[in-house]
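J.: any chance you can model this:
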Amino acid sequence: MTRRWGYAALVAVLVTAVGTGGCSGVRQALGTAKSSPDAFAVTEEPPLTMPPDYDLRPPEPGAPRPQAESASEKARAALTGEKTAAAGALSSGEKALLAGAGADRNFGNIRGEVNRESHRIARDEQAFTERLMWWSEPAPSGTTVNPRKEARRLQENRSLGRPVTEGETPTIKRRSRALLEDVF
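T.: Down below sits the predicted model:
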């Protein structure tokens, strides 16, 4: 009988601990409550001050600004396409970095290059999706030239003195797949 009372007391203590664990007063008493610092108890530090002399001269009223470029420098830069000293000419290190990155090369058709790369990425993603959906590689697009027959045709044209463009280019014809061919 005493064993039953012991188990009952243990269960009662556990139920009471779990039940009162959510109460904020019990949490504070046990030290498990969050305690954030008091925002008004923070001490103020004195503001940072600048030393009185940094060898800086105050600007004189009406004097030209040292970094401003004159109208003749602006006109020369516009006509020749050169940067002026005020516009920030590149140092030798900056020039070397840009040359190493390929920034000194002229990409005449950069929009076309970006479009080609974007289409290639989209095509790769589409191929991956089709492999997931259909469990097979997509059929290659375009026509495939038969290399042996094409080499024979080119040799015949060369030996007969005809241009290489004469004659029909032999291709490999792909057969169409059956409906359930890739599934099994």
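J.: low-confidence ranges, the chain, go.
T.: For the chain, the stretches with pLDDT under 70 are 1, 19-24, 26, 42-43, 46, 50-54, 66-68, 81-89, 134-140, 177-184.
J.: all helices of it, in order?
T.: 2-20, 24-30, 71-80, 92-101, 110-134, 147-160 (DSSP state H).
J.: which secondary structure elements does the fifth one sit against?
T.: Read it as helix 110-134. The helices and strands touching helix 110-134, judged by 3 or more CB pairs under 8 Å, 6 or more residues apart in numbering; DSSP states H and E, number zero. To be clear about C-beta, it is placed using only N, CA and C from the backbone, and glycine gets the same treatment.
J.: quick check: buried residues in it?
T.: Residues of helix 110-134 classed as buried by neighbour count (16 or more other CB atoms under 10 Å): none.
J.: how far off centre is it?
T.: Its chain's C-alpha centre and that of helix 110-134 lie 17 Å apart, by CA atoms, centre = their mean, to the nearest Å.
J.: switch to numbering from 58
T.: With the count now opening at 58, the last piece we talked about shows up as helix 167-191.
J.: how many other residues sit next to residue 118?
T.: 5 (other CB atoms under 10 Å).
J.: would you check how far apart it and residue 59 are?
T.: 100 Å (CB to CB, to the nearest Å).
J.: can you say which of the helices of the chain is nearest to residue 198?
T.: Residue 198 lies closest, by CB to CB, to one member of the helices of the chain: helix 167-191, at 9.3 Å.
J.: picking up where we left off before, need the helices of the chain in JSON lines with distance to residue 227, can you?
T.: Formatted as JSON lines, the helices of the chain follow (distance: least, CB to CB, whole Å):
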{"stretch": "helix 59-77", "distance to residue 227": "83"}
{"stretch": "helix 81-87", "distance to residue 227": "84"}
{"stretch": "helix 128-137", "distance to residue 227": "58"}
{"stretch": "helix 149-158", "distance to residue 227": "46"}
{"stretch": "helix 167-191", "distance to residue 227": "27"}
{"stretch": "helix 204-217", "distance to residue 227": "4"}
